[in-house]
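**Student:** fold the stuff below for me.
(chains A and B)
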Number of protein chains: 2
Amino acid sequence: MESELKEMLIDLDTLKRSLPDPSLLASIDKMQSRVEHLTDLAKSAPVRRSKVKDMSAEVVDSNPYSSLMALQRMGIVANYERIREFSVAIVGCINPFRSYFLTLELSSLYCFPLPSTSGIGGVGSVAAEMLTRCGIGRLLLYDYDKVELANMNRLFFRPEQVGKTKTDAAVQTLSDINPDVVLESYMMNITTLQARMVVNQACNELNQTWMESGHIQLLVPGETACFACAPPLVVASGVDEKTLKREGVCDASLPTTMGVVAGLLVQNTLKYLLKFGHVSPYLGYNALKDFFPTMEMKPNPQCSNTACLERQKEYILAKPAWDAAAAKAKEDEVSVPEGPVHDDNEWNISVVDDTEPVTENASSSDTLPDGLVRELPIANEFQKPSDPEEMTNSVDDLDELRKQLEALNAD
Amino acid sequence: MESELKEMLIDLDTLKRSLPDPSLLASIDKMQSRVEHLTDLAKSAPVRRSKVKDMSAEVVDSNPYSSLMALQRMGIVANYERIREFSVAIVGCINPFRSYFLTLELSSLYCFPLPSTSGIGGVGSVAAEMLTRCGIGRLLLYDYDKVELANMNRLFFRPEQVGKTKTDAAVQTLSDINPDVVLESYMMNITTLQARMVVNQACNELNQTWMESGHIQLLVPGETACFACAPPLVVASGVDEKTLKREGVCDASLPTTMGVVAGLLVQNTLKYLLKFGHVSPYLGYNALKDFFPTMEMKPNPQCSNTACLERQKEYILAKPAWDAAAAKAKEDEVSVPEGPVHDDNEWNISVVDDTEPVTENASSSDTLPDGLVRELPIANEFQKPSDPEEMTNSVDDLDELRKQLEALNAD
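**Tutor:** The predicted model follows:
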């Protein structure tokens, strides 16, 4: 297009210099058809799809959600469209150990990893793309770095984006992919290990469940080990000091490893948010051996983080009621009568076709997936973070977490 | 840009109608600056990076291979740049069980999965992107389908590509990402389960190692179970018949699951081609449980495929020599002297600084990763498919396999 426009400028110049001459009409005709051609070219440029109001389950080529909504039809997810109620924040940190973190908050905010030694890298960007394609409600991206050709070993960024900030490039690509997702980007330089500690502190104070990646670890304040409970990852995961970031040296990284980690991380997140399958408390990936270690990490009663200790106390107090509620929910599930709902029909009431809908409603509104209960029978003041329905202070929490992140950046 | 060009057309029209009037110079000036603006816009459009001759390990922002070449520095891969010698073909098949296949040939051709119920889908396209970013030598894509909005639940394709053929869209994206990769696309409708059997037959005849995905399975003719050795996947993997493709019904699929499967598949492939880590013979992924089953599948001595039976016979004959060579290689490795290369230096020859380079050369050219040996001491007529260095008939094999695929398409 450039050369064509250049010719056009020369033509216009020629025209200008000899304007009084009417024989130049043919030249203007030529320009006109050139502009018409340019218009055609412009018409074939990317056209974004329009937003959709509701997620449809209809199986047609034009429906971007058909394969996702099929999770409902197959009985895997009770209500897929609830994904639009969740926000996810992806927070990056430069750290030498190639371990990433993400925080997650239900009903309002869900923080995610900006991994690698340079911000929103291989895992964070792919995780963002996965969530965008799944139709997450809102995505908050925190990063400060620019796209370089050296990032092309990872999925997501493209050479034409070199020089742009990673957040700008990500927002551009993601908004093209799914205009239904609300995207927000923040330039923020989080360059120390301390960053993870600040997120850990904020999440402990706010009773905010979160995840970190590299290995995938679910951190539920008071219930599982917080980041300060466990020894530093360089010890825990046995990462070789050789891989530390040095001038003129970069870590080896493959798009495959980062694709697997991002996939496992977002999968765990979707299971947690949409309540299906088994949510892994800890899942490692040893790429050389195809080994996937799992474990549970209990909180440390001697944790140096006082907010963590407070959450631990609350959890110990609330647990008996929680276990009782879970047991009751399981019992109710088992004791559901196999026969008609009104077996002892002393009034002999009968309505055509009502049996099936009643059963269906009962199961969708009263039964939750394994291991989850809807309400705490006691302890009204204690919010169980695993149950998004119970989160009432979510907007405040989000503001609070954002403030803490901003404070970190101001340091 | 469209509206601006439209205005320009109107301006030109006005100019034309009143051409003899010299007072229109200002109008032409306006047009010129508009065209200049358009030129600036055009300049900011995608610019592709130029090809590189050799893969550099230099750690600079402009080097797309720095993080990949770092695999050598870290001692994980002996020679990363060998990846440019390999070709990979991704062959799609519609089948009702959401299991995909890939074939792979060393030194020349490496076939890969075009998964999902509609050709190059969630796994195949992401696998193609991963290989492209890794700098694979050549990529052959087989598909026939068009991009639809309904594919947006998967990674890779973008809404602006809707209506294009998947192969065209993929070639466009992949060539932008890495111009060093030679891309070839073929429109081919492979719509039956029989397709996998044809690839299986071709690979057995050509003694061609390949992989299929869904679960990841490595198929080495004669050494592991071929596709005809094992019972159909619908039985083997316990997939529910509910998920069969029906009119107006589509399978549930998440970008997360497909990202994990593509990552594990290409990771296994890279390990196989570049000889590092453990190559998994079988690796499953149960997304709901985060369970990764592994197993080994021996060939069936009663296999219905006669070519498979021939390869089994050859393997049984060659195995003792192979085991002996492997044992000897391991022994040699163990018995390498710790001291200087020329310990008994009867001529008293001494050259400054020669010790280290000699040792280095010896280890990089004579030692292969665990479990692999360079040469077969006997059985010259038998080509061990696991060792790419031994493949001499690769070009013929590639042509042959392509012919068989074309014959399938002609049916």
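
**Student:** which residues of the stretch 51-200 of chain A fall in strands?
**Tutor:** A:87-92, A:100-103, A:111-114, A:138-143, A:182-187 (DSSP state E, counting those that start in this stretch).

**Student:** could you tell me the least trusted of the ones you listed?
**Tutor:** Note on the strands of the stretch 51-200 of chain A: strand A:100-103 shows the lowest mean pLDDT, a mean of 37.

**Student:** show me the shaky parts of chain A.
**Tutor:** Within chain A, the segments meeting pLDDT under 70 span A:1-4, A:18-25, A:27, A:41-48, A:92-121, A:188-196, A:231-251, A:333-402, A:404-411.

**Student:** how about the helices in it?
**Tutor:** A:2-17, A:25-43, A:66-73, A:122-134, A:166-177, A:194-206, A:233-236, A:255-274, A:306-334, A:355-366, A:394-410 (DSSP state H).

**Student:** A:Tyr80 and A:Leu71 touch, don't they?
**Tutor:** Yes. Here A:Tyr80 reaches A:Leu71: they are 5.3 Å apart, a contact under C-beta atoms under 8 Å. All C-beta atoms are positioned from the backbone trio N, CA, C, and that covers glycine.

**Student:** can you list the helices of chain A in CSV and add mean neighbour count and distance to chain B?
**Tutor:** What follows is the helices of chain A, written out as CSV (neighbours: other C-beta atoms under 10 Å in any protein chain shown; distance: least, C-beta to the nearest C-beta, whole Å):
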stretch, mean neighbour count, distance to chain B
helix A:2-17, 14, 5
helix A:25-43, 15, 5
helix A:66-73, 22, 4
helix A:122-134, 29, 5
helix A:166-177, 20, 6
helix A:194-206, 22, 22
helix A:233-236, 16, 16
helix A:255-274, 27, 4
helix A:306-334, 15, 19
helix A:355-366, 11, 18
helix A:394-410, 16, 23
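
**Student:** want to try JSON lines for these, with distance to B:Leu273 as columns?
**Tutor:** Listed next are the helices of chain A as JSON lines, based on distance: least, C-beta to C-beta, whole Å:
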{"stretch": "helix A:2-17", "distance to B:Leu273": "40"}
{"stretch": "helix A:25-43", "distance to B:Leu273": "41"}
{"stretch": "helix A:66-73", "distance to B:Leu273": "32"}
{"stretch": "helix A:122-134", "distance to B:Leu273": "21"}
{"stretch": "helix A:166-177", "distance to B:Leu273": "30"}
{"stretch": "helix A:194-206", "distance to B:Leu273": "36"}
{"stretch": "helix A:233-236", "distance to B:Leu273": "31"}
{"stretch": "helix A:255-274", "distance to B:Leu273": "12"}
{"stretch": "helix A:306-334", "distance to B:Leu273": "46"}
{"stretch": "helix A:355-366", "distance to B:Leu273": "49"}
{"stretch": "helix A:394-410", "distance to B:Leu273": "42"}
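
**Student:** for A:Asn153, find the nearest of those.
**Tutor:** helix A:255-274 (6.2 Å; C-beta to C-beta).

**Student:** the closest one versus helix B:122-134: what angle between them?
**Tutor:** 140 degrees (axes from the mean of the first three to the mean of the last three C-alpha atoms, to 10 degrees).

**Student:** tell me how many other residues crowd the spatially closest residue to A:Gly277 that is not a sequence neighbour.
**Tutor:** With sequence-adjacent residues excluded and distances taken as C-beta to C-beta, 6 or more residues apart in numbering or on different chains, A:Gly277 is closest to B:Leu288, at 3.6 Å. For B:Leu288, the tally of surrounding residues (other C-beta atoms under 10 Å in any protein chain shown) stands at 12.

**Student:** from B:Ala78, how far out is B:Leu288?
**Tutor:** As judged by C-beta to C-beta, to the nearest Å, B:Leu288 and B:Ala78 stand 39 Å apart.

**Student:** and for A:Lys298?
**Tutor:** Using C-beta to C-beta, A:Lys298 is found at 42 Å from B:Ala78.

**Student:** between these two, which one's more packed in?
**Tutor:** Legend: neighbour count by other C-beta under 10 Å for A:Lys298 and B:Ala78, higher for B:Ala78 (17 against 12).

**Student:** so the more buried one touches B:Lys275, yeah?
**Tutor:** Yes. The criterion here is C-beta under 8 Å, and B:Ala78 meets it with B:Lys275 at 6.9 Å.

**Student:** break chain A into its domains for me.
**Tutor:** The record's domain parsing of chain A by automatic domain parsing lists A:2-43, A:56-337+A:351-411.

**Student:** closest one to B:Leu155 among the helices of chain A?
**Tutor:** Closest to B:Leu155 of those, according to C-beta to C-beta: helix A:122-134, at 6.2 Å.

**Student:** just want the angle from that closest one to strand A:182-187.
**Tutor:** If you take the same axes, to 10 degrees, helix A:122-134 sits at 160 degrees to strand A:182-187.

**Student:** next one: the closest residue in space to A:Cys203 that isn't next to it in sequence from A:Val261, what distance?
**Tutor:** Nearest non-adjacent residue to A:Cys203, counting by C-beta to C-beta, 6+ apart: A:Trp210, 4.8 Å away. Going from A:Trp210 to A:Val261 by C-beta to C-beta gives 16 Å.

**Student:** what does A:Glu205 give?
**Tutor:** In this view, A:Glu205 and A:Val261 are 28 Å apart by C-beta to C-beta.

**Student:** now A:Ile316
**Tutor:** 33 Å.

**Student:** again, but for A:His215
**Tutor:** A:His215 is 8 Å from A:Val261, by C-beta to C-beta.

**Student:** any residues in contact with both of these two?
**Tutor:** Taking C-beta atoms under 8 Å, 6 or more residues apart in numbering or on different chains as the criterion, A:His215 and A:Val261 both touch A:Tyr285.

**Student:** list the contacts for A:Pro64?
**Tutor:** Counting by C-beta under 8 Å, 6+ apart, A:Pro64 has contacts A:Arg49, A:Val52, A:Gly135, A:Asn178, B:Leu149, B:Ala150, B:Met152, B:Asn153, B:Pro159.

**Student:** now distance to B:Cys226 and neighbour count too, for those, in JSON lines please.
**Tutor:** Below are the contacts of A:Pro64 laid out as JSON lines (distance: C-beta to C-beta, whole Å; neighbours: other C-beta atoms under 10 Å in any protein chain shown):
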{"residue": "A:Arg49", "distance to B:Cys226": "44", "neighbour count": "17"}
{"residue": "A:Val52", "distance to B:Cys226": "45", "neighbour count": "15"}
{"residue": "A:Gly135", "distance to B:Cys226": "41", "neighbour count": "21"}
{"residue": "A:Asn178", "distance to B:Cys226": "41", "neighbour count": "26"}
{"residue": "B:Leu149", "distance to B:Cys226": "38", "neighbour count": "19"}
{"residue": "B:Ala150", "distance to B:Cys226": "34", "neighbour count": "20"}
{"residue": "B:Met152", "distance to B:Cys226": "36", "neighbour count": "26"}
{"residue": "B:Asn153", "distance to B:Cys226": "33", "neighbour count": "26"}
{"residue": "B:Pro159", "distance to B:Cys226": "40", "neighbour count": "19"}
